[in-house]
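Novice: this is the structure alone, sequence omitted:
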């Protein structure tokens, strides 16, 4: 059985790595012309890692730190997709100036020692 201190250290490390992955994802998207509107956006319905805009497109971006792109794609379950979509719907009600934007759901996979890989339109939640 793992000691509580070891478990807490693992959680802290995972938290730091996740924050770094989100920072790298935001940097990669900014280099492509995306403007960040929010990081770690918390709503009563769930959290959105990044919300970005470029022109008339608004993207909710899920960031995954994984060994490769396919592992990142596989890490987004249909349940996660619905949670992100509902959270974005909640956010849009509170930010109506973005309601006319084209919406999409992107994924950025951050792999060790690699530039983040951006997958536009990575998923389309079916039941929002």
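Specialist: Yes, it's here. All values derive from a computational prediction rather than experimental measurement.

Novice: list the contacts for the residue positioned nearest the centre of the chain?
Specialist: The C-alpha lying nearest the average C-alpha coordinate of the chain belongs to residue 62 (C-alpha atoms, centre = their mean; 2.0 Å). By C-beta atoms under 8 Å, 6 or more residues apart in numbering, residue 62 lies in contact with 48-49, 76, 80, 84, 105-108, 122. C-betas here are computed from N, CA, C, even on glycine.

Novice: hang on, isn't residue 85 packed against residue 92?
Specialist: No: judged on C-beta atoms under 8 Å, residue 85 makes no contact with residue 92 at a distance of 10.6 Å.

Novice: those two: which has the busier surroundings?
Specialist: Taking residue 85 and residue 92 together and counting by other C-beta atoms under 10 Å, residue 85 has the greater number of neighbours (22 against 17).

Novice: that one belongs to a strand, doesn't it?
Specialist: No: counting by DSSP: H, G, I helix; E, B strand; the rest coil, residue 85 is not part of a strand but helix.

Novice: relative to residue 100, how far out is the residue nearest to it when sequence neighbours are not counted?
Specialist: Distance criterion C-beta to C-beta, 6 or more residues apart in numbering; nearest residue to residue 85, sequence neighbours excluded, is residue 125 at 3.8 Å. Residue 125 sits 20 Å away from residue 100 when distances are taken as C-beta to C-beta, to the nearest Å.
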